[in-house]
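give me a model of this one.
(one chain, ligands or ions: 3)
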Amino acid sequence: MPLVVQKFGGTSVADAERIRAVADHVARSRRDGNDVVVVVSAMGKTTDELVRLAADVSATQPAREVDMLLSAGERISMALLCMALADLGVPATSFTGSQAGIVTDEVHTRAKILEVKGDRLRLTLAAGGVPVVAGFQGVSTANDVTTLGRGGSDTTAVALAAALGADACEIYTDVPGVFTSDPRIVPEARRLPRVSFEEMLEIAATGGRVLALRSVEFARNHHVPLHVRSSFTWEPGTWVGEEDPEMEQAMVTAVTHDLSEAKVTVTRVPDRPGLAARLFRALADRNVNVDMIVQNTSTDGTTDISFTVPGADLAVSAEVAAGLVPEIGATGVTTDDQVARVSLIGAGMKTHPGVTARTFETLAAEGINIEMISTSSIRISCMVRADRAEAAVQALHAAFELA
Ligand code: ADP
Ligand code: ASP
Ligand code: MG
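Ligands and ions are numbered 1, 2, ... in the order given. Prediction:
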């Protein structure tokens with residue numbers, strides 16, 4: 001019998017009615033002749049509320065306790081879904097990440113999966129039941145509850161699909177697939193029938209939160225085909241998989257934006273070998289993921305070094321940079337969190353020159369200033385003012401005729 005892993009995001013299980021609709025769908029999938037393993041997220045905005053509650057209670061928030069708290073959201077939905085399935089006569093058993101055998105490292109709040117045992121899930125399937133697994137959580141090698149980072153239920157689903165050798169991993173969400181841009185920002189955005197892992201990695205990495213980045217990496221590494229689709233209309237959505245060599249590659253597939261980045265500038269760094277190395281080594285030692293870097297020597301022999309980091313790492317980054325200012329002979333550090341990164345992704349960029357020029361012309365026509373630029377073989381990213389990000393996305397989506 002084919003095995004499918006079905007993951008339901010927060011909006012898909014937001015209330016009692018939605019949970020019953022999901023149970024109906026799981027029951028139908030079984031009647032259609034599939035074995036089903038379900039992964040659920042926390043209901044609606046539960047995780048956000050727990051994050052806020054922690055902030056109201058505590059300034060220190062030990063990471064172990066944050067994980068204990070956040071993992072509670074998924075427990076609620078898994079138990080409720082099993083109850084709804086029982087009403088339909090479907091034998092279902094809920095499992096926490098730990099009970100499902102999802103073993104992670106010890107890095108709380110962004111743990112990485114090391115191993116998926118899944119023995120109890122296999123037993124449940126063999127007995128004709130439906131295992132319902134709490135997404136976003138695991139158990140560390142030190143036996144503590146961990147979480148996988150926001151959006152991590154996608155990763156749970158893909159990891160289980162790989163470990164159980166599932167035929168497909170279905171990601172049910174509140175939009176009918178992966179679109180050419182976030183349909184909330186660009187109403188005329190178009191659903192993509194299929195996207196390659198490579199393009200999806202770039203989309204996920206640059207703000208298209210429909211799939212968590214880690215889940216796409218996992219799917220590519222383990223050859224798990226993903227089907228992103230709606231739990232509201234249940235229509236076929238977007239297949240994410242290996243690149244189809246027969247298909248012509250679109251020059252631009254999607255436009256994304258990310259408001260969570262921030263910019264740090266170290267001013268008037270002497271232009272000598274080794275100073276940038278010191279700065280970025282110190283940042284790396286504090287686990288800061290630097291994205292874009294711009295450095296340009298002026299005629300007086302000093303250089304401003306600007307770089308972007310995730311907003312959550314801004315304070316640490318500024319502290320690290322400020323600490324190095326006297327040592328490297330710079331004059332100071334400035335920070336800016338009112339920036340946004342707008343990106344164009346397309347596997348066909350490799351072979352179509354002119355995408356960069358058209359991108360710059362489009363933003364110029366809108367009067368949008370580009371503050372930093374970075375490219376890969378299938379992506380162009382521009383840093384712009386945060387309050388112009390949506391206008392930039394809409395203009396680029398129109399200019400490249402993605403509608
Ligand atoms: P879930 O709770 O189901 O995991 P998410 O909120 O994490 O759902 O992801 C779905 C959301 O991703 C959509 O509501 C949509 O606004 C947003 N999104 C951003 N970029 C895209 C895109 N390119 N295609 C589809 N959805 C996108
Ligand atoms: N509930 C978690 C979150 O909101 C995990 C998920 O939804 O994927 O980030
Ligand atoms: Mg999500």
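
ligand 1 contacts on this structure?
Contact residues (CB under 6 Å from any ligand atom) of the chain with ligand 1: 9-12, 41, 151, 173-175, 178-179, 181-184, 203, 208-210, 254. Bear in mind the C-beta positions are built from the backbone N, C-alpha and C, glycine included.

out of the residues you listed, list just those in strands.
T173, A254 (DSSP state E).

what subset of the residues of the chain next to ligand 1 is buried?
9-12, 41, 151, 173, 175, 178-179, 181-183, 203, 208-210, 254 (16 or more other CB atoms under 10 Å).

also within reach of ligand 2: list those from those.
Okay, of those touching ligand 2 (CB under 6 Å from any ligand atom), that's G9, G10, S41, G151.

test my guess that the last one contacts R209.
When you say that, I think you mean G151. Yes - counting by CB atoms under 8 Å, G151 does reach R209; the two are 6.2 Å apart.

run through the residues of the stretch 101-250 of the chain sitting next to ligand 3.
G151 (CB under 5 Å from the ion).

those strands in the stretch 101-250 of the chain, which residues are they?
For the stretch 101-250 of the chain, the strands defined by DSSP state E, counting those that start in this stretch occupy 102-104, 113-116, 130-134, 137-140, 145-147, 168-173, 194-196, 226-230, 238-241.

mind putting the ones next to ligand 2 among the buried ones among the residues of the chain next to ligand 1 in a markdown table, distance to N289 included?
Shown next, in a markdown table, are those (distance: CB to CB, whole Å):
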| residue | distance to N289 |
| --- | --- |
| G9 | 25 |
| G10 | 25 |
| S41 | 24 |
| G151 | 16 |
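
those: which two are farthest apart?
G10 and G151 (9.8 Å; CB to CB).

distance of T303 from V290?
16 Å (CB to CB, to the nearest Å).

typed the wrong thing, it's S343
16 Å.

those two: who's more crowded?
Higher neighbour count among S343 and V290: S343, with 25 against 16, using other CB atoms under 10 Å.

wait, a strand at that one?
Yes - S343 forms part of a strand when assessed by DSSP: H, G, I helix; E, B strand; the rest coil.

in this structure, which helix is the longest?
Of all the segments of type helix in the chain, defined by DSSP state H, the longest one is helix 63-87.

give me the helices and strands touching the next helix or strand after that one, please.
Following helix 63-87 in sequence order, the next helix or strand is strand 92-95 (DSSP states H and E). Counting by 3 or more CB pairs under 8 Å, 6 or more residues apart in numbering; DSSP states H and E, the packing neighbours recorded for strand 92-95 are helix 63-87, helix 119-126, strand 130-134.

run through who's touching strand 92-95.
26, 38, 75, 78-79, 81-82, 85-86, 120-121, 124, 129-134 (CB atoms under 8 Å, 6 or more residues apart in numbering).

let's see 10 Å
23, 26-27, 36-38, 40, 74-75, 77-86, 99-102, 118, 120-121, 123-124, 127, 129-134 (CB atoms under 10 Å, 6 or more residues apart in numbering).

end to end, how far does stretch 202-212 reach?
11 Å (CA to CA, to the nearest Å).

then stretch 249-263?
Span of stretch 249-263 from end to end, CA to CA: 33 Å.

what are the ranges of the helices in the chain?
Using DSSP H, helices in the chain cover 16-31, 46-57, 63-87, 97-100, 119-126, 153-164, 197-205, 213-222, 275-285, 314-328, 355-365, 389-399.

buried deepest among those, which one?
helix 153-164 (a mean of 27; mean count of other CB atoms under 10 Å).

figure out how far that one is from the centre of its chain.
15 Å (CA atoms, centre = their mean, to the nearest Å).

I'd like to know how far whichever residue of the chain sits closest to ligand 1 sits from ligand 3.
Closest contact between the chain and ligand 1, by CB to the nearest ligand atom, is at G9 (1.8 Å). Here G9 is placed at a distance of 5 Å from ligand 3 (CB to the ion, to the nearest Å).

just F232 next, same as before
15 Å.

ditto for V288
24 Å.

might one say that that residue is in contact with G311?
No - counting by CB atoms under 10 Å, V288 stays clear of G311, with 11.6 Å between them.

so which elements touch the one helix or strand in the chain whose mean pLDDT sits lowest?
With mean pLDDT, DSSP states H and E as the measure, the helix or strand of the chain carrying the lowest mean pLDDT is strand 293-297 (a mean of 86). Here strand 293-297 touches strand 261-270, helix 275-285, strand 302-310, strand 372-376, going by 3 or more CB pairs under 10 Å, 6 or more residues apart in numbering; DSSP states H and E.

next, the angle strand 261-270 makes with the shortest one.
In this case it means strand 372-376. 110 degrees (axes from the mean of the first three to the mean of the last three CA atoms, to 10 degrees).

give me the angle between strand 372-376 and helix 197-205.
160 degrees.

residues touching the nearest residue to V13 once chain neighbours are set aside, list them.
Counting by CB to CB, 6 or more residues apart in numbering, V13 lies nearest to S77, which is 4.8 Å off, once chain neighbours are set aside. Neighbour list for S77: 8, 10, 12-14, 18-19, 22, 38, 40-44, 46, 94, 132, 134-135, 153 [criterion: CB under 10 Å, 6+ apart].

which residues touch the residue nearest the centre of the chain?
The centroid of the chain falls nearest to A212 when counting by CA atoms, centre = their mean (2.7 Å). A212 makes contacts with 136, 148-158, 171, 204, 218, as judged by CB under 10 Å, 6+ apart.

mind redoing it with 8 Å?
A212 is in contact with G149, R150, G151, G152, S153, D154, T155, A204, counting by CB under 8 Å, 6+ apart.

what do you get for D387?
D387 makes contact with Q338, according to CB under 8 Å, 6+ apart.

returning to what we had before: export the contacts of A212 as JSON lines, with columns for pLDDT.
As requested, those are exported to JSON lines (pLDDT from 0 to 100):
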{"residue": "G149", "pLDDT": "95"}
{"residue": "R150", "pLDDT": "95"}
{"residue": "G151", "pLDDT": "97"}
{"residue": "G152", "pLDDT": "98"}
{"residue": "S153", "pLDDT": "98"}
{"residue": "D154", "pLDDT": "98"}
{"residue": "T155", "pLDDT": "98"}
{"residue": "A204", "pLDDT": "97"}
